[in-house]
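Undergrad: here is my input, please return the structure:
(2 chains)
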Protein chains: 2
Amino acid sequence: MSILPPNHWSARSHNILAEQSLLNRRALLGKGAALAGAGLGAATAGVSGAAAEPLKDEKWSLEFGSTIPAVQERSPFEKNVVRTLSNPNGEMRNSHARTQHQLLGGTLTPNSQFFTISHCGVPNIDPAKHKLVIHGKVRQPLEFTLDTLARYPMVTRTAFVECAGNSAPLFSNQPMQITCGAIHGLVSNAEWSGVRLSTLLEEAGVDPTAKWLVAEGADAQLLTRSVPIKKAMDDCLIVLYQNGERLMPGNGYPMRLLVPGYQGNMNVKHVRRIKVIDQPAYTFFETKNYSQILPGGKTWRFNFLMQVKSFITYPTLGHQLKEPGFYNISGVAYSGNGRISKVMVSADGGKSWGEAALQGSVNDKSFTRFNMPWRWDGQPAVITSRAWDESGASQPLRAEFISARGQTSEPVTNPLLFPSQHYNSLTSWGIDSKGEIKHVYA
Amino acid sequence: MSILPPNHWSARSHNILAEQSLLNRRALLGKGAALAGAGLGAATAGVSGAAAEPLKDEKWSLEFGSTIPAVQERSPFEKNVVRTLSNPNGEMRNSHARTQHQLLGGTLTPNSQFFTISHCGVPNIDPAKHKLVIHGKVRQPLEFTLDTLARYPMVTRTAFVECAGNSAPLFSNQPMQITCGAIHGLVSNAEWSGVRLSTLLEEAGVDPTAKWLVAEGADAQLLTRSVPIKKAMDDCLIVLYQNGERLMPGNGYPMRLLVPGYQGNMNVKHVRRIKVIDQPAYTFFETKNYSQILPGGKTWRFNFLMQVKSFITYPTLGHQLKEPGFYNISGVAYSGNGRISKVMVSADGGKSWGEAALQGSVNDKSFTRFNMPWRWDGQPAVITSRAWDESGASQPLRAEFISARGQTSEPVTNPLLFPSQHYNSLTSWGIDSKGEIKHVYA
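TA: Presented below is the predicted three-dimensional model:
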């Protein structure tokens, strides 16, 4: 299964897991009244009279609205939808802006909400002065401006970008009471358009002895990361557009390297130099910062691929279930290996599972939205998700993951203090009998 | 052909059209030096020395950047990327904000740039007070708030929305010298997430005698449009999210009806009432404003479907080809019938054609980006595109289209004066020997 039709939801049946009341979709469609009785009763009282009445509360029905702006902005009622900042005063250190997935829907992260990590602030680059150079072990060094790049064959694809340190709070030995976005906000998903790096490398003429390249950014951090030539020739892009418009300043304006499925830091922003070399450059950001220390002190070198992962976005901490009845459990799944093949959801902490529906296009190395109908009986419940990808890989269960990768020996309260990376086990949310939601380990 | 792999570009060969020099992709990849010689020479001079020098112009490499904002905004260098407004002072009449496709890339229209038409300005709706009522020929009238809708099974899909009056300037008997966005800016494309209208209608229990519904918006226009029940049950949505975030105010906040592939006006924004009925409502906006008058005075009633269409976005009026050589002709194609199956591109005004590459997911009733490599020899050229969809339909040639649908008898200078709708013939751009681009009829 790689691509699902848009009507996939209604085209497949779901398991009925009676013990946890994950709702069967066909049963739902056949029993509208039963649905209303099962929790939406208050919302679905007869309103035929009310519908014909003047709607006095709705002043927007009675007056001319505001002028259309040239650049559209979101409703003032959505001002709470913001990225959360680790360094809001811009002190001279690294900064994180995390996507609050629990406030969003669909598969794309709007550019305004796409996560950013900067080690030296956000540069204000003049695109007319920015150049990309390809040199090193090539037949002919090349220099590109934004104008010359625009003339090359362009491609469009979706891809997630995830910081290797995303989800690090899950290495805590006690579940931290923080939102889905505070845990998983260092991954986002977009449509990218740009030029294949292979097109440019082939024009430069790569020397047969070349095995790696090192890419450098133009901001003050001068981030440099090594990328295997094989990956560069496979699916890397020099990206110019993000979700249809020019790249955001915090996501690499005016051009960035996209290394689909590999750790975020390798997707060098503001890329200005690519040197073709015969061995890795062993830079600071691949030998210290992004080498994972394992229990026992060993370190994995060049563990680039972001493995298959999923997390529920609704309902999670900060949401509240107001009454028993029907709910839609929803979240995102993705894998650096390729397409998502299956997402299973549990509402009893992993004792039993039902297969979620995947809608829209299930794209390579991209977010896939999953949805699972669930009827909450008002009793305590633990919801969690687990994803599989087309390579056959699945998310490890927590016990298995912690055994291999470790956890903190004491509860930790500051999410900046976690050293570990590449968490891809499960995330679970406990719902108590009042409908309040906490982060739990299951 | 429905879905193409991301590496589709390199996986297929292109026709070589020697007489117009549409470039063969394999030839390009095999001949980097030839490419440089064919136009990018100036841009690809050896720069190995320069690359190792300090980059004095690039002050952003030498200083700490700005603080990461909670809501990310585009670069100050992109301030010219705005929608163009037909009523910038907000006079009490209808207003259009057109997407400037020639400044964008990819398939998605960023929410800030998504087109808007409002007849009574943009309402500022309090989502806590907004309700959707379904009533009429149903077993049980239902009322939904944003909170209750969030509990229903949700789906995610992409779809274009196009005003029936989009591209109306092409009914002029002389080509108007306006940009791609001024011609085609009343269509945009997004990822939408929401609840299937069929789910809600099935819960309400539609009477077997019901054949239509009429949907009403909550703003002061009180727009009402009739939709066949068959279409409503097929793929209509009540949309809550647009490109991952809540709907924009100018695109229906907090909820809109999505009627994929049907004329834009039917996708009722700020939808607050859906009445199930046994015949069309024959409202103003379906009997006067959106009924097309044909040559001879006849009118097509209920001509809802937006037919297959494509247009080039680069290079078009406002761009300039600075020198002969290689260019990437790029544009978008879409159809209300379903998926795009093929886009052909001509660089000699339609005498000969080459098949363009389609990247990424080719989605149902959605923009598909096409790309065509082309080597400009410096002589006058006329570029144009023609799309086919999976139903077998294709864009009619201009002579055929005008013969059936008419054109103005005199040149027209004001694009607001065109009465005709559903233009889906070709758009052509003439390039002179200086590389300047004009709108032409071919």
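
Undergrad: measure A:G349 to A:G430 for me?
TA: With distances taken as C-beta to C-beta, to the nearest Å, A:G349 is found 8 Å from A:G430. Backbone N, C-alpha and C define where each C-beta goes, glycine included.

Undergrad: any common contacting residues for these two?
TA: Residues within reach of A:G349 and of A:G430 at once, by C-beta atoms under 8 Å, 6 or more residues apart in numbering or on different chains, are A:V382, A:V440, A:A442.

Undergrad: can you show me the helices along chain A?
TA: Under the criterion DSSP state H, helices of chain A are mapped to A:8-11, A:25-30, A:32-35, A:48-52, A:146-149, A:180-184, A:197-204, A:229-235, A:284-287, A:398-405.

Undergrad: just give me the neighbour total for A:P380.
TA: 12 (other C-beta atoms under 10 Å in any protein chain shown).

Undergrad: my guess is it contacts A:K434. True?
TA: No: taking C-beta atoms under 8 Å as the definition, A:P380 is not a contact partner of A:K434, at 9.8 Å.

Undergrad: give me the beta-bridge partners of the nearest residue to A:G430 once chain neighbours are set aside?
TA: Counting by C-beta to C-beta, 6 or more residues apart in numbering or on different chains, the nearest residue to A:G430 once its immediate chain neighbours are dropped is A:V440, at 3.9 Å. Per DSSP bridges, residues listed as beta-bridge partners of A:V440: A:S428.

Undergrad: for A:V440, what are its contacts?
TA: If a contact means C-beta under 8 Å, 6+ apart, then A:V440 has A:P175, A:G349, A:V382, A:S428, A:W429, A:G430 as its contacts.

Undergrad: measure whichever residue of the stretch 301-442 of chain A sits closest to chain B to A:V214 for me?
TA: Residue nearest to chain B within the stretch 301-442 of chain A: A:S361 (3.9 Å; C-beta to the nearest C-beta). In this structure, A:S361 lies at 34 Å from A:V214, with C-beta to C-beta as the measure.

Undergrad: do A:N89 as well
TA: A:N89 sits 33 Å away from A:V214, taking C-beta to C-beta as the criterion.

Undergrad: of these two, who's got more company?
TA: Relative neighbour count places A:V214 above the other of A:N89 and A:V214, with 21 against 7, counting by other C-beta under 10 Å.

Undergrad: list the beta-bridge partners for that one.
TA: For A:V214, the beta-bridge partners under DSSP bridges are A:S226, A:K275.

Undergrad: what about it, distance to B:R386?
TA: According to C-beta to C-beta, A:V214 stands 44 Å off from B:R386.

Undergrad: can you check A:I312 too?
TA: When distances are taken as C-beta to C-beta, A:I312 and B:R386 turn out to be 45 Å apart.

Undergrad: which of those two has more neighbours?
TA: Under the criterion of other C-beta under 10 Å, the comparison of A:I312 against B:R386 puts A:I312 first, with 26 against 23.

Undergrad: nearest residue to the more buried one in space, please, no chain neighbours.
TA: Distances taken as C-beta to C-beta, 6+ apart place A:G331 nearest to A:I312, at 4.0 Å, with adjacent residues excluded.

Undergrad: can you give me the neighbour number for that neighbour?
TA: When neighbours are counted by other C-beta under 10 Å, A:G331 comes out with 28.

Undergrad: my guess is it contacts A:T313, does it?
TA: Yes: counting by C-beta under 8 Å, A:G331 touches A:T313, with 4.9 Å between them.

Undergrad: next one: stretch A:350-370 to chain centre, how far?
TA: Centroid displacement of stretch A:350-370 relative to its chain, using C-alpha atoms, centre = their mean, to the nearest Å, is 13 Å.

Undergrad: now the end-to-end length of that stretch.
TA: The first and last residues of stretch A:350-370 sit 17 Å apart, counting by C-alpha to C-alpha, to the nearest Å.

Undergrad: quick check, stretch A:128-144 touching chain B?
TA: Yes: using C-beta under 8 Å from any C-beta of the partner chain, a contact is recorded between stretch A:128-144 and chain B, made by A:K129, A:H130, A:V133, A:H135, A:R139, A:Q140, A:P141, A:L142, A:E143, A:F144.

Undergrad: make a ChimeraX selection of the buried ones in these.
TA: Here is the ChimeraX selection string for the buried members of the residues of stretch A:128-144 next to chain B, based on 16 or more other C-beta atoms under 10 Å in any protein chain shown:
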select /A:130,133,135,140,141,142,143,144
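
Undergrad: check contacts around A:T313.
TA: Counting by C-beta under 8 Å, 6+ apart, A:T313 makes contact with A:H101, A:Q102, A:L104, A:C180, A:S330, A:G331, A:V332.

Undergrad: and for the fourth one, the neighbour number?
TA: Translated: A:C180. 27.

Undergrad: thinking it is in contact with A:H319, fair?
TA: No: contact criterion C-beta under 8 Å: A:C180 and A:H319 do not qualify, at 9.4 Å.

Undergrad: so what sits against both of those two?
TA: Residues touching both A:C180 and A:H319 comprise A:Q102, with contact defined as C-beta under 8 Å, 6+ apart.

Undergrad: just give me the closest of the contacts of A:T313 to A:S75.
TA: Relative to A:S75, the closest of the contacts of A:T313 is A:L104; by C-beta to C-beta it sits at 14.6 Å.

Undergrad: so what's the residue count around the spatially closest residue to the closest one that is not a sequence neighbour?
TA: Taking C-beta to C-beta, 6+ apart, and ignoring the residues beside it in sequence, A:L104 has B:G244 as its nearest neighbour in space, at 5.1 Å. By other C-beta under 10 Å, 30 other residues sit near B:G244.

Undergrad: contacting residues for B:G244?
TA: Taking C-beta under 8 Å, 6+ apart as the criterion, B:G244 is in contact with A:L104, A:G105, A:G106, A:T107, A:L108, A:T109, A:P110, A:Q113, B:E191, B:S193.

Undergrad: redo those residues as CSV? Include distance to B:Q279.
TA: Compiled in CSV, those are given as follows (distance: C-beta to C-beta, whole Å):
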residue, distance to B:Q279
A:L104, 40
A:G105, 35
A:G106, 36
A:T107, 39
A:L108, 39
A:T109, 44
A:P110, 41
A:Q113, 44
B:E191, 34
B:S193, 32
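
Undergrad: just the strands in the stretch 201-350 of chain A please.
TA: A:212-217, A:224-228, A:237-242, A:245-246, A:256-258, A:271-277, A:292-293, A:299-300, A:309-314, A:325-334, A:340-346 (DSSP state E, counting those that start in this stretch).

Undergrad: mean confidence for the fourth one?
TA: Mean pLDDT, strand A:245-246: 98.

Undergrad: partners of that strand, with directions?
TA: The sheet places strand A:245-246 alongside strand A:237-242 (antiparallel), with pairing taken from DSSP bridges.

Undergrad: now do the buried residues in the strand it pairs with.
TA: Taking 16+ other C-beta under 10 Å as the basis for neighbour counts, the residues of strand A:237-242 that come out buried are A:L237, A:I238, A:V239, A:L240, A:Y241, A:Q242.

Undergrad: okay, the angle between it and strand A:271-277?
TA: Going by axes from the mean of the first three to the mean of the last three C-alpha atoms, to 10 degrees, strand A:237-242 is angled at 170 degrees with respect to strand A:271-277.

Undergrad: list, one by one, the residues from the stretch 301-442 of chain A near chain B.
TA: With the criterion set to C-beta under 8 Å from any C-beta, the stretch 301-442 of chain A comes near chain B through A:314, A:322, A:325-328, A:330, A:357, A:359-361, A:363-364, A:369, A:371, A:373.

Undergrad: what separates the closest residue to A:K129 other than its chain neighbours from A:H130, distance-wise?
TA: Nearest residue to A:K129, sequence neighbours excluded (C-beta to C-beta, 6+ apart): B:D57, at 5.2 Å. When distances are taken as C-beta to C-beta, B:D57 and A:H130 turn out to be 9 Å apart.
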